[in-house]
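**Student:** This is the structure alone, sequence omitted:
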């Protein structure tokens, strides 16, 4: 019984790692659909979000079953509670990737991000996507140091967002209100993807150490 | 032992209801600070967010203790799992209210929301705040019908947001890029507060019926 319990718990964690890879692909595709104005890719991301939601529902109910089946010991309990949160983080990141793709679709064939903003968004998206990958690796390897490294990436994401505002609120901004609004929301979506990646790292730190990292981020669930 | 267990569980739920009232106040104050350009009130909301985060941490660790102390039976388990999510929803709503207040502070003494948008935001904020109150009542009374009624409010919030975009992307918009960006983000924050209120309702439906409402909202955690 304990053996099968452990097997199911580790298969839940394996599937979370797999889901993280799918979310990372969603973020990458959403970014390409946005920066290359690729309608087909945008549709793909929007369609694939339903699959991520199904993965969420499946993993979540398996966690509930594990919680209900027997009183998990400390490490198991932490893992299940963290898994419940991570699957919510992942579903949310998938929703945010779909939001990005929907803006790409809405503005097609025009690129939603004006040329002077493209480099900033390319970097921000690369960071967010890398952070999702690091979150997945951190979970797979239970490597707390990886999780802690994400703080620097997250800081760079915040700085890029500040720079976005500087660009679009500059008196020389000549791309109109629509593009400014799109960029403000897109920046928010990528910032939130990065936040959830940091949160996933915090969940792993919690699994491994039993400690919950301090800071507002932890409460962004 | 069971008795004290039940007492602690219901005191967690009582404190969630109290936290919901504090979040509702935060949303109300943030809105007044925004629409009346009230700097002192904005500072109050931003400062009070730390208290909400502390409440989150306290309630969360009490839920963990309840999960760890003994194997909860089905209804208890559902309540604890739902409580863990609701406390995250509430902390998040507090963060979003603080985001609203920070925009009010940033634009002070100018009101961040231009006059033609004020009525829309007043209504949207009223709905969001009412939805937070309904979520609290739903939890207190375990009244599933209240939770289901929130769907209509949420739809009106979405319609108001659509109308915001129509206003600020209109060719007659003459309040500049900064106000448009502020309004786009503010609309997003209120929409997310409403989403989390709907989610809290879904958690209560789950506690009472054991069923998880379908739809993307459930995965917005």
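**Tutor:** Nice, I can see it. Just so it is clear, the model here is predicted, and its values are computed rather than measured. Numbers count the residues shown, from 1 in each chain, chains lettered A, B, ... in the order given.
**Student:** Close to chain B: what parts of chain A are there?
**Tutor:** Contact residues, chain A versus chain B (C-beta under 8 Å from any C-beta of the partner chain): A:53, A:56-57, A:64, A:67-68, A:70-71, A:74, A:77, A:81, A:84-85, A:88-89, A:91-92, A:95, A:165, A:168-169, A:173, A:177-178, A:180-181, A:184-185, A:188, A:212, A:216, A:218-221. Using the backbone N, CA and C atoms, a C-beta is placed for each residue, glycine as well.
**Student:** Write a PyMOL command that selects only the buried members of the residues you listed.
**Tutor:** Buried residues among the residues of chain A next to chain B (16 or more other C-beta atoms under 10 Å in any protein chain shown), as a PyMOL selection:
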select buried, chain A and resi 53+56+57+64+67+77+81+84+85+88+89+91+92+95+168+173+177+178+180+181+184+185+188+212+218+219+220+221
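**Student:** Quick one: end-to-end distance for stretch A:169-177.
**Tutor:** End-to-end distance of stretch A:169-177 (C-alpha to C-alpha, to the nearest Å): 10 Å.
**Student:** Show which residues not belonging to that stretch make contact with it.
**Tutor:** The contact list for stretch A:169-177, computed with C-beta atoms under 8 Å, 6 or more residues apart in numbering or on different chains, reads A:114, A:116, A:167-168, A:180, B:168-169, B:173, B:177-178, B:180-181.
**Student:** Quick check: strands, which of these are part of them?
**Tutor:** Residues of the contacts of stretch A:169-177 located in strands (DSSP state E): none.
**Student:** Let's have those in a markdown table, adding distance to residue B:23 and pLDDT.
**Tutor:** Shown next, in a markdown table, are the contacts of stretch A:169-177 (distance: C-beta to C-beta, whole Å; pLDDT from 0 to 100):
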| residue | distance to residue B:23 | pLDDT |
| --- | --- | --- |
| A:114 | 38 | 97 |
| A:116 | 39 | 94 |
| A:167 | 34 | 96 |
| A:168 | 31 | 94 |
| A:180 | 31 | 97 |
| B:168 | 28 | 94 |
| B:169 | 31 | 95 |
| B:173 | 32 | 95 |
| B:177 | 32 | 96 |
| B:178 | 28 | 96 |
| B:180 | 28 | 97 |
| B:181 | 26 | 97 |
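**Student:** what bits of chain A have low per-residue confidence?
**Tutor:** A:1-2, A:213-221 (pLDDT under 70).
**Student:** rerun at 50
**Tutor:** Counting by pLDDT under 50, chain A shows low-confidence ranges at A:215-221.
**Student:** And the helices in chain A?
**Tutor:** Using DSSP state H, the helices of chain A run over residues A:2-35, A:39-69, A:74-107, A:115-141, A:144-168, A:176-209, A:216-219.
**Student:** mind checking how far residue A:203 is from residue A:123?
**Tutor:** 26 Å (C-beta to C-beta, to the nearest Å).
**Student:** ok, back up a step: for residue B:30, which of the helices of chain A is the nearest?
**Tutor:** Among these, helix A:216-219 comes nearest to residue B:30, with 16.1 Å by C-beta to C-beta.
**Student:** So for residue A:203 and residue A:123, which sits in the more crowded spot?
**Tutor:** residue A:203 (27 against 14; other C-beta atoms under 10 Å in any protein chain shown).
**Student:** contacting residues around the nearest residue to that one once chain neighbours are set aside?
**Tutor:** The shortest distance from residue A:203 to any non-neighbouring residue, by C-beta to C-beta, 6 or more residues apart in numbering or on different chains, is to residue A:82 (4.0 Å). Under the criterion of C-beta under 8 Å, 6+ apart, the neighbours of residue A:82 are A:203-204, A:206-207.
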